[in-house]
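> What follows is a protein structure lacking sequence information:
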């Protein structure tokens, strides 16, 4: 270094000459402080071995166990115009009480006699349906009569054929007899000629036999003609059967066609009747929707629409209602890392906003102002806030929850887990580890079984 100054830097000063320095060793404070420091250290070490109850904390709000007991909004099922209010905000209403009346704004439903006119149309269609049914029944009877007449006509023609067959047999026998007579007459005529030639018979006898021969020849021609006529009549009778079958088949087919047409019109009319009946029911139900009624007993919290003459659409919220009777519960949200440690039926401690509490989460027995709860539902799908939702009902074995609790009030919860030393809990928190894995006693017993 440069020797700029003339003073020497390595010379030591003697402090014993100062009175304040000499009195420092005589003061007792440092001994007391050392004792306090050592005592605090020993106390901290002993404190770190005290038991600490691990817990899962969450926050939420007061709700109800059943969804039907939660506050709800009433919407309009149809579009309309507000005509009259029947309730005020804060008023108690019973189930079925009228809250609001709206009028129609769609031109398809503005007819005041719409239901009556549609009912008359349906009645007229029913009469038409009955007429078609009667026509179908009449045609069925007509078809039966046609078939019966056809059967009789066919039987009559068959009987005639049988008669002609018998007549043909008779004519054929008569023809054979005539042929026999012709042969006899021919034989007698030839014999008479021979005898006349020998002079044994007179000529008159020959002429008599000739007349008999000619008469026999005439009879055989007549009989053959009669036999052929009978055959022609048999052919005509058979043709008559075919004509009868064709005629009555045409009549029966036409009647069947008319019957099916009547049935088709009946079914079509029946479909129209059902459609009109559906419209009548829909119109009646729509008329009932003009009066918006309370779905259950409760209090009108807030009117979401206001004024007279305001037009609203389908599904527009009108009023919100708080049910009069409900089973209170707490809806809490926990971190995803704590979800495996939560089980249905486990006990939970809760403290509500507005109630004085002194909370020691690690020493629940020393806490004041907390209430017992039981987990009744655990949601397995994450909520929009990035946490999992659990539903907690009052613990029947613990103190009753305050009757003054209102739906929507804030609540803090913590579920009790295992007991561990405080040093272990501090070490776990510093390292960001989750609490010890925890399973219910009943579940463990089932696993052991």
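Received it, and whenever you're ready, just let me know what you need. Predicted model only: the values in this text are computed from it and were never measured.
> For stretch 314-332, what is the distance to the chain centroid?
26 Å (C-alpha atoms, centre = their mean, to the nearest Å).
> What residues sit buried inside that stretch?
Under the neighbour-count criterion of 16 or more other C-beta atoms under 10 Å, stretch 314-332 has 318-323, 326, 328-332 buried. In this view, the C-beta of every residue, glycine as well, is placed from N, C-alpha and C.
> Minimum pLDDT in those, which residue is that?
Lowest pLDDT within the buried residues of stretch 314-332 is found at residue 326 (84).
> Quick check: the residue lying closest to that residue once chain neighbours are set aside vs residue 295, distance?
Nearest residue to residue 326, sequence neighbours excluded (C-beta to C-beta, 6 or more residues apart in numbering): residue 69, at 3.7 Å. Using C-beta to C-beta, to the nearest Å, we find residue 69 at a distance of 12 Å from residue 295.
> ditto for residue 308
Counting by C-beta to C-beta - residue 308 and residue 295 are separated by 24 Å.
> And the two? Which one has more around it.
Using other C-beta atoms under 10 Å, the more surrounded residue of residue 308 and residue 295 is residue 295, with 15 against 9.
> that's a helix at that one, yeah?
No: counting by DSSP: H, G, I helix; E, B strand; the rest coil, residue 295 is not part of a helix but coil.
> for the helix or strand where residue 284 lies, packing partners?
Using DSSP states H and E, residue 284 sits in helix 203-288. Applying 3 or more C-beta pairs under 8 Å, 6 or more residues apart in numbering; DSSP states H and E, one finds that helix 203-288 contacts helix 114-197.
> Parallel or antiparallel, list what pairs with the helix or strand hosting residue 101.
Following DSSP H and E, one finds residue 101 within strand 98-103. Paired strands of strand 98-103, with direction, are strand 80-85 (antiparallel), strand 291-293 (antiparallel) (DSSP bridges).
> What lies in contact with the last one?
Under the contact criterion C-beta atoms under 8 Å, 6 or more residues apart in numbering, strand 291-293 has outside partners 74, 76, 96-102, 318.
> So which bits of that strand are buried?
Using 16+ other C-beta under 10 Å as the test for burial, strand 291-293 gives 292-293.
> where's it relative to the chain centroid, distance-wise?
For strand 291-293, the gap between its own C-alpha mean and the chain's C-alpha mean amounts to 26 Å (C-alpha atoms, centre = their mean).
> Which helix or strand lies directly C-terminal to that strand?
Downstream of strand 291-293, the first helix or strand assigned by DSSP H and E is strand 298-303.
> what's that following strand packed up against?
Helices and strands touching strand 298-303, by 3+ C-beta pairs under 8 Å, 6+ apart, are strand 92-93, strand 317-323.
> Now do the contacts for the closest residue to residue 241 other than its chain neighbours.
Counting by C-beta to C-beta, 6+ apart, residue 157 is the residue found nearest to residue 241 once chain neighbours are left out, at 4.4 Å. By C-beta under 8 Å, 6+ apart, the residues touching residue 157 are 237, 240-241, 244.
> Residue 151: which of these is nearest?
Set against residue 151, the nearest of these by C-beta to C-beta is residue 244 (9.9 Å).
> distance of the closest residue to that closest one other than its chain neighbours from residue 256?
Nearest residue to residue 244 in three dimensions, chain neighbours excluded: residue 153, at 4.6 Å (C-beta to C-beta, 6+ apart). Going from residue 153 to residue 256 by C-beta to C-beta gives 19 Å.
> now residue 393
Distance from residue 393 to residue 256, by C-beta to C-beta: 72 Å.
> Please apply the same query to residue 77.
With distances taken as C-beta to C-beta, residue 77 is found 50 Å from residue 256.
> cool, and residue 184?
From residue 184 to residue 256 the distance is 63 Å (C-beta to C-beta).
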